[in-house]
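In: Provided below for reference: sequence and predicted model.
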Amino acid sequence: MRKPTVGSVAKWVALVLFCVWTIVPIALVVLNSFKKAKDIFTTTPTLFFTPTLDNYVNAFTKANFGLFYLNSIVVALVSTVIVIVVGTFAAYALTNFRLPFANAIAGGFLLGKLVPVISILLPLFVMINAIGLRGTLAGPIIAHAALNLPFVIWLMMGFIRDVPRELAQAAMIDGCTRMQIFWKVIFPIILPGVAAAFVLSMQYSWNELLFSLQLTTLDTYTLPVGIASFVGAISVDWGLSSAAATATMVPLIIVGFFVQKHIAQGTTGGAVKG
């Protein structure tokens, strides 16, 4: 067996430290969600305690957390679907059609993503308020779609450019239209990119606080806004907040689990195998 080198030991140490840095805060939140207040506020952290579901029951029955959960599902899914559909077709048009100033348009989309989000808040708030959508779920849906669309277009353009042009040319010779080429040839190959864009857009919309806080009211609060409301001016309900945060993690973990194989696939692997 080879002796461990300084470089390999350093890599393992860095990996362990990164795992601890990532996993420990999440583990503490999950553990606190099952603790009573007296166990949370002990001087030394307790790993062995009598678990309770009171925090989850209170979150869904007394704190309107169920409504916040439903609002977030609607906002995240609708905005993500809009972004994926519009962004994928826009990327396909910019990379495959001979459009004037296509590169400049693509650069403009990327530039829009580089602008600080806080600078977009005021004009977007004014426009959504002017058309009467503030306080509705349509407000954060529009805001999240506008914020995610430039990134998805830029991401999908990279995936579509990697598709061998010979495949599209062969399909065109066989009599396929451009839309048939997209659905039958290009889309199966860029599916990993679509999955990655879906997860990233969903994650952003699910966790976004700033725009949701300004564009929603009590009946349309999303999860981040609802969890923030558990933080009082004097004290914080740590058990309720931990239960809400734990329940908020579950959907993204499930989505990531089901699409991980698509994200891991190569962008042109299907073309070679086919």
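Out: Ah, there it is. Numbering: from 1, shown residues only.

In: Could I get the buried residue list for stretch 85-99?
Out: Buried residues in stretch 85-99, counted by 16 or more other CB atoms under 10 Å: 87-88, 90-92, 94-96. Placement of C-beta: from N, CA and C, glycine included.

In: any chance of the residues you listed in TSV, plus distance to Ser119, pLDDT and secondary structure?
Out: Shown next, in TSV, are the buried residues of stretch 85-99 (distance: CB to CB, whole Å; pLDDT from 0 to 100; DSSP: H, G, I helix; E, B strand; the rest coil):
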residue	distance to Ser119	pLDDT	secondary structure
Gly87	22	91	helix
Thr88	27	92	helix
Ala90	23	89	helix
Ala91	25	89	helix
Tyr92	30	88	helix
Leu94	25	84	helix
Thr95	29	84	helix
Asn96	33	80	helix
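
In: can you put the residues you listed in TSV and add distance to Leu17?
Out: Formatted as TSV, these follow (distance: CB to CB, whole Å):
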residue	distance to Leu17
Gly87	37
Thr88	38
Ala90	41
Ala91	38
Tyr92	43
Leu94	42
Thr95	41
Asn96	45
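
In: Ser241: which of those residues is nearest?
Out: Gly87 (34.0 Å; CB to CB).

In: Quick check, that closest one in contact with Leu200.
Out: No - between Gly87 and Leu200 there is no contact under CB atoms under 8 Å: 11.2 Å.

In: Need the overlap of contacts for those two.
Out: Both Gly87 and Leu200 are in contact with 148, 155, where contact means CB atoms under 8 Å, 6 or more residues apart in numbering.

In: And the helices in this protein?
Out: For the chain, applying DSSP state H gives helices covering 6-33, 37-40, 54-61, 65-96, 102-114, 117-130, 138-161, 165-173, 178-181, 187-207, 210-215, 223-228, 238-264, 269-273.

In: Report the buried residues of the second one.
Out: Put plainly, it is helix 37-40. 39-40.

In: ditto for the third one
Out: Residues 55-56, 58-60 are the ones in helix 54-61 that count as buried (16+ other CB under 10 Å).

In: same thing with the first one?
Out: Within helix 6-33, the residues that qualify as buried by neighbour count (16+ other CB under 10 Å) are 29, 31-33.

In: Domain map for this structure?
Out: 1-52, 63-273 (automatic domain parsing).

In: Just name the most buried of the ones you listed.
Out: A comparison of those by mean neighbour count, using mean count of other CB atoms under 10 Å, puts domain 63-273 on top with a mean of 17.
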